[in-house]
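>>> Fold the following and give me the result.
(one chain, ligands or ions: 1)
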Amino acid sequence: METHLLQNLPFAVYRKPNEDKVRAILQNDTTLHHCVDFSEKGFVFAPFNAASSPILLQPESVLEEDYLPGKVSNANVENLSPLGENGKEIHMDLVIRGIKEIEKGNLKKVVLSRKLEVKCDKLPMDLFRELLGRYPTAFCYLWYHPKVGMWLGASPELLLSVRNKQLYTSSIAGTQVFNGEENPIWGKKELEEQDMVTHYITEALENKVTDVRVSGTKSVRAGNLWHLGTNISGRIKDMALSPIIKALHPTPAVCGLPQKLSQKFILEHENYDREFYTGFLGELNRKEQVGRSDNPRNQENAAYKLVRNTTQLFVNLRCMQIDGNTATLYVGGGITRASDPEKEWQETVEKSGTLLKVIFD
Ligand SMILES: C=C(O[C@@H]1C=C(C(=O)O)C=C[C@H]1O)C(=O)O
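Residues are numbered from 1 along each chain as shown. I've put the predicted structure just below:
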């Protein structure tokens, strides 16, 4: 793995939520491949802007290893952040413009974000190892292509998981700080904001998926934060993956409602390019071998392996770009009519804590 990094070759190393297995996908040359229709096999890395084509790493070698990270201390991010109120006025002004657009009736929700740069002296693989220890329930990754750059993150959000024809997705929105409580209390703003995402996803899947099931909404922990989450599942009708991914991305969890108008607002008003932040990434059409039975006494079945086709894509959140010893972090939040600009700023500060802890601890 480290040799691959030294040779400047493309790779993705990742661990899925609640798993111990770390997997590395290594590409043996520097060709920049793109996904055309999601029938390809490999590791996909897609930008926020759905008009640009996703990058595909071809899995020329795949390494797998069980990795049990050690315990990590629980640093207090307020003492770690050297950034104070940098960029506060600009972000609050952007949020105010978003609220005005909603009040005019042009948008219902828009997710607005900012980026921040910090000095980072740790090695990328050390940062990745720390992510594994700190965020066991997140999709943790380090991704590199010499023609694109290096990204690292710990995503709390599943975009899409497909095993053969069985589909799972999630609707995540609403944020508050974790203060040790078991059951956080949610306000009307967060409940409504998350409900919009659930509605959008279920409607987007209509005519594409049967047996749609929507779970109750519950609080989900993501490091020092709580979010509201709903699980959605169903069976894909006789169709390819591409129309399903296109219908989902970008969801109102990272873009807004209506989708096209909020995306236009983001591209025109956030004065930077999100690139791969709020895009998606993960395994595309991986052939996975599964035993028919986990019961060791069932010899006949244990010997009989099934191969299934697996795709698991996560939304690229709580992520950063690494360039030498500069780390660029990306953070945002959903704006609705009920948003308070000061609180929205604070939410981005709290979200930046996910990676700042790993950089400065
Ligand atoms: C946009 C981000 O997060 C998204 C926005 C959320 C919100 O508005 O409350 C919560 C989870 C994510 O869906 C981010 O982390 O940068």
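
>>> The helix or strand Trp143 falls within pairs with which strands, parallel or anti?
Assigned by DSSP states H and E, Trp143 belongs to strand 139-145. For strand 139-145, sheet partners with direction are given as strand 11-15 (antiparallel), strand 149-155 (antiparallel), following DSSP bridges.

>>> Between those, which one is closest to the ligand.
In terms of Cβ to the nearest ligand atom, the element of the strands paired with strand 139-145 nearest to the ligand is strand 149-155, at 8.8 Å. For the C-beta atoms, the positions are set from N, CA and C on the backbone; glycine is no exception.

>>> Which strands or helices does the helix or strand that comes right after that closest one pack on?
Remark: after strand 149-155, the chain's next helix or strand is strand 158-163, criterion DSSP H and E. On a contact count with 3 or more Cβ pairs under 8 Å, 6 or more residues apart in numbering; DSSP states H and E, strand 158-163 meets strand 166-177, helix 242-248, strand 280-291, strand 305-315.

>>> hmm, back to that, identify all contacting residues around the strand holding Trp143.
5, 10-17, 30, 32, 43, 45, 55, 57, 124-125, 127-128, 131-132, 150-155, 158, 281-282, 314 (Cβ atoms under 8 Å, 6 or more residues apart in numbering).

>>> Contacts only, for the residue in the stretch 201-350 of the chain that the ligand sits nearest to.
Nearest residue of the stretch 201-350 of the chain to the ligand (Cβ to the nearest ligand atom) works out as Gly334 at 3.2 Å. Gly334 sits next to 109-111, 173-174, 193, 252-253, 256 when contact means Cβ under 8 Å, 6+ apart.

>>> Give me the subset of those residues lying in helices.
Of the contacts of Gly334, the ones assigned to helices by DSSP state H are Glu193.

>>> want to throw the contacts of Gly334 into CSV with neighbour count, distance to the ligand and pLDDT?
Below are those laid out as CSV (neighbours: other Cβ atoms under 10 Å; distance: Cβ to the nearest ligand atom, whole Å; pLDDT from 0 to 100):
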residue, neighbour count, distance to the ligand, pLDDT
Lys109, 24, 9, 98
Val110, 30, 10, 98
Val111, 26, 5, 98
Ala173, 27, 5, 96
Gly174, 26, 5, 97
Glu193, 27, 6, 96
Pro252, 25, 9, 97
Ala253, 28, 4, 97
Gly256, 30, 10, 98
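
>>> Stretch 247-263: how far from the chain's middle?
15 Å (Cα atoms, centre = their mean, to the nearest Å).

>>> same deal with stretch 51-69?
That offset, for stretch 51-69, works out to 15 Å (Cα atoms, centre = their mean).
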